[in-house]
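1. predicted coordinates and the sequence they were generated for:
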Amino acid sequence: MKKKYRVKTCKEFCILYEKLFRIILKHINQAIVSNQYVSVHYAYPLKRNDFKNGMPNFGETFLDKEPKDYSSIFTLHKSQKDKICFKDIPEFNELYKFVRNKKYLSKKIDYFSSSKKDGTHLFLAVISQANKYVHNYGTTRYSIKRFRNIAGKYINYLFQEKATLDIYIPILLTNFEFNSFAINENIQVVRMDDIFQLSRQTINGHGSGVHKTVLGCATHCLKLQYYNFSYENVFDIVHKTSNINAYPLDTIDQFFASIRICLGIDTGYAQLISKLIDVEEVFAAAKLIELHGTSLRAYPSKFDNYAWNESVPSISREGMKKIKKIYLKLLENGDKKIELSVDRINRSFLRNHHEDSFLDDLIGLESLLTDDSKDSLKYKLSLRLAFLLSSNGEKNKNYKKIVSHLYDYRSAIVHGEKDKDKKRFVTIDGTKYDCNVESRKYVASTMEFILLNYDSATIKELSIYLDKCIFDYITDKSC
């Protein structure tokens, strides 16, 4: 559609749409004044008292607690005599006639099959907006400013092909000692307000297996701003925003890996949420805001076992500064060994069994410190690890023995040895070491040191560089 023609069409549409909106508000007012029965929004989300650990607790309203649904006084069917049929409203028929003569608009509104082109979506949109108008402003009295606030984004949806959205990932079972923290100009950690919290409770993908209580246990979220995409109609928007693979999963998972590397805490996420900034095509119930997205299990399964009744970790502003440094390094580093290690660190924290977590940690450590050659793997890994961690200020003369025992434990796991649980622990010079703890600590410390001290070029050839440093050190040369 040419720009001038679109502007003219938009103006004409707005005049007719506003005219219809006024009529809908009048009908709602008459229903209120006459004390007509008005149905309610069933299973409307409700915030209960927080759990003792500070996590929010959500449920659903019951019986007379639900907000009224003023759109329920209208109907799509003439057979419902006690309600107002949209086809009996002259202002709607006038508007829909205009829409049907505009092919561009008709495609946006009548996106059903050819047998279902009757303006249903258009009517549902206007009565939903009128319902929201009454709930948001507490009146049926018309105001042009309020009308634009309510209907403006829907009109944008009709006359645009592109939209901008922000992505939100609630961070589960973790407290934060701040309201917001900027990581860069487009990425933040922010506290979710009450309306956002209630609105996101409706997003739970079919078959995801996410525990409803766990889903609600988040005060803050990772916010990724200003993503652009094209769309054809409502179905296209819903399809794209509910598709897990349409989200920047690497960017999201690198953030959670950064938390695990820096603080070693159990956390995760259960939702991928999109909030359209400049368009709106389907209207949420009452005062809720329109959110899209899906749910998935990207959190430890132990969270399902009443973790909301247990203490949860807290991240301070200082802790967040450390996370930021690592996260920004991960975002700019595209090295395959780093990517593999990040993936294994995340997997380790999400495993159901400690043996699987241990194997992930060891694979992540190998990815960072070994090369393609499999010769003397234990020896090379222990030598490089000892050099790196001693360079980081950690002193432990037993690195070689510990790494050797890590491989003994791995062999016992892989081969299903009966005494594998005994090999999980080893005592060296009077100190008892837990292989699960050591492997997790080593991969996190190694990743952190590498990211903060080496550039991308060095990381690509890290094993060669480390071996040269070790040789120089042994021969009393400075590295």
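-> Thanks, I have the structure now. Numbering: from 1, shown residues only.

2. grab the nearest non-local neighbour of Lys432.
-> Excluding the flanking residues, the one nearest Lys432 by CB to CB, 6 or more residues apart in numbering is Phe425, at 6.0 Å. No exception for glycine: its C-beta is placed from N, CA and C like everyone else's.

3. and the one you found, how far from Asn436?
-> Taking CB to CB, to the nearest Å as the measure, Phe425 falls 9 Å from Asn436.

4. mind listing what's buried in whichever helix or strand His27 is part of?
-> His27 belongs to helix 3-33 when assigned by DSSP states H and E. Using 16 or more other CB atoms under 10 Å as the test for burial, helix 3-33 gives 9-10, 13-14, 16-18, 20-21, 23-25, 27-29, 31-32.

5. and stretch 88-106, by the same measure?
-> Buried-residue list, stretch 88-106, by 16+ other CB under 10 Å: 89, 91-92, 95-96, 98-99, 102, 105-106.

6. all strands of the stretch 351-479 of the chain, in order?
-> 425-428, 431-434 (DSSP state E, counting those that start in this stretch).

7. could the ones you listed be laid out in CSV, adding mean neighbour count?
-> CSV is the format used below for these (neighbours: other CB atoms under 10 Å):
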stretch, mean neighbour count
strand 425-428, 14
strand 431-434, 13
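
8. and those strands as JSON lines, adding mean pLDDT?
-> As requested, the strands of the stretch 351-479 of the chain are exported to JSON lines (pLDDT from 0 to 100):
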{"stretch": "strand 425-428", "mean pLDDT": "90"}
{"stretch": "strand 431-434", "mean pLDDT": "92"}
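
9. among these, which is nearest Phe349?
-> strand 431-434 (16.4 Å; CB to CB).

10. quick one: list the elements packing against the closest one.
-> The contact analysis (3 or more CB pairs under 8 Å, 6 or more residues apart in numbering; DSSP states H and E) places strand 431-434 against strand 425-428.

11. picking up where we left off before, figure out how far the helix holding His27 is from the centre of its chain.
-> The chain centre lies 35 Å from the centre of helix 3-33; the measure is CA atoms, centre = their mean, to the nearest Å.

12. going forward, count from 585.
-> Sure thing, new numbering starts at 585, so read that last one as helix 587-617.

13. mean confidence (pLDDT) on that helix, please.
-> Averaged across helix 587-617, the pLDDT comes to 92.

14. could you point out which element follows it?
-> strand 629-631.

15. that following strand packs against which elements?
-> strand 642-644, helix 778-784.

16. which stretches of the protein have low pLDDT?
-> The model of the chain has pLDDT under 70 over residues 585-589, 647-648, 695-701, 958-959, 976-981, 1060-1063.

17. can I get the CA coordinates of the biggest strand by length in it in PDB?
-> Secondary structure assigned by DSSP state E gives strand 804-814 as the longest strand of the chain. In PDB, the C-alpha atoms belonging to strand 804-814 read as follows (Å, rounded to 0.1, in the frame of the first residue of the first chain):
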ATOM      1  CA  HIS A 804      13.300 -10.000  38.500                       C
ATOM      2  CA  CYS A 805      13.900 -10.800  34.900                       C
ATOM      3  CA  LEU A 806      16.500 -10.400  32.200                       C
ATOM      4  CA  LYS A 807      15.200  -7.800  29.700                       C
ATOM      5  CA  LEU A 808      16.500  -7.800  26.100                       C
ATOM      6  CA  GLN A 809      15.300  -4.700  24.300                       C
ATOM      7  CA  TYR A 810      14.400  -3.600  20.700                       C
ATOM      8  CA  TYR A 811      14.000  -6.800  18.700                       C
ATOM      9  CA  ASN A 812      12.300  -6.200  15.300                       C
ATOM     10  CA  PHE A 813      10.200  -8.600  13.200                       C
ATOM     11  CA  SER A 814       7.700  -8.600  10.400                       C
END
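
18. re the thing from before, which of the helices and strands packed on strand 629-631 is buried the deepest?
-> helix 778-784 (a mean of 18; mean count of other CB atoms under 10 Å).

19. run through the neighbouring helices and strands of that helix.
-> Here helix 778-784 touches strand 629-631, strand 746-754, going by 3+ CB pairs under 8 Å, 6+ apart.

20. could you export those to TSV, including columns for mean neighbour count and distance to Ser1029?
-> TSV is the format used below for these (neighbours: other CB atoms under 10 Å; distance: least, CB to CB, whole Å):
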stretch	mean neighbour count	distance to Ser1029
strand 629-631	16	40
strand 746-754	20	26
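
21. nearest to Ser975, of those strands?
-> Taking the helices and strands packed on helix 778-784 one by one with CB to CB, strand 746-754 is closest: 34.5 Å.

22. Leu806 bridge partners, please.
-> Beta bridges link Leu806 to Ile753, Val773 when assigned by DSSP bridges.

23. same question for His876.
-> Ser858.

24. verify the contact between it and Ile821 for me.
-> Yes: assessed by CB atoms under 8 Å, His876 is found in contact with Ile821 at 6.8 Å.

25. neighbour count: those two, which is higher?
-> For His876 and Ile821, the more surrounded residue by other CB atoms under 10 Å is Ile821, and the numbers stand at 22 against 19.

26. tell me who's in contact with Ile668.
-> 611, 657-659 (CB atoms under 8 Å, 6 or more residues apart in numbering).

27. domain map for the chain?
-> The record, using automatic domain parsing to delimit domains, assigns the chain the ranges 587-628+646-743, 746-899, 917-1058.

28. how about JSON lines for those domains, with distance to Pro640 added?
-> Formatted as JSON lines, the domains of the chain follow (distance: least, CB to CB, whole Å):
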{"stretch": "domain 587-628+646-743", "distance to Pro640": "16"}
{"stretch": "domain 746-899", "distance to Pro640": "6"}
{"stretch": "domain 917-1058", "distance to Pro640": "23"}
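
29. wait, which of these is closest to Asp634?
-> Closest among the domains of the chain, using CB to CB: domain 746-899, at 9.0 Å.

30. look at Ala854 and say how many residues are nearby.
-> Ala854: 27 neighbours (other CB under 10 Å).

31. which of the three states applies to it?
-> strand (DSSP: H, G, I helix; E, B strand; the rest coil).

32. against Phe676, how distant is it?
-> For Ala854, the distance to Phe676 - CB to CB - is 41 Å.
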